[in-house]
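# sequence first, then the predicted structure:
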Amino acid sequence: MRILLQDDIGRLVEDASPIRRLFNDIKGRISEEITESLERAAYIEHMQTPVSRALRHMADRAQLAKTREEANSYKHRAQEVHQRINFLESCRSESSAR
């Protein structure tokens, strides 16, 4: 069951039937406390909306981080170009003053 629970959570909330089959095979042989704990995993489909929302949120955060990284890269490049322009302008004004 542990291997099944390590599967992609997005797939598990859509179809937990492999887990449920295994759970039904063993539930008469395990304690009531363990049964209660495993029932949540065996009938996890009711968590589909919150899990989907969480997965979207994680994807959005990853995209935001990537966008911020790109923006910082562009800012850094713009600063380098600006410094180069200032350097060239100062060289030009020094050479025309001579």
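Received it, and whenever you're ready, just let me know what you need. Predicted model only: the values in this text are computed from it and were never measured. Residues are numbered from 1 along each chain as shown.

# residues contacting the residue nearest the centre of the chain?
The chain has residue 58 as the residue nearest its centroid, 3.8 Å off, counting by CA atoms, centre = their mean. With CB atoms under 8 Å, 6 or more residues apart in numbering as the criterion, no residue contacts residue 58. (C-beta placed from N, C-alpha, C; glycine too.)

# please identify which helix or strand holds it.
helix 48-97 (DSSP states H and E).

# from the middle of its chain, how far away would that helix be?
The chain centroid and the centroid of helix 48-97 are separated by 21 Å, computed with CA atoms, centre = their mean, to the nearest Å.

# average pLDDT for it?
The pLDDT scores in helix 48-97 average 90.

# circling back: the residue nearest to the centre of the chain and residue 10, how far apart?
To residue 10, residue 58 is 11 Å away according to CB to CB, to the nearest Å.

# same check, this time on residue 57
The gap separating residue 57 from residue 10 is 13 Å, by CB to CB.

# could you do residue 81 as well?
Taking CB to CB, one finds residue 81 at 43 Å from residue 10.

# all set now, cheers.
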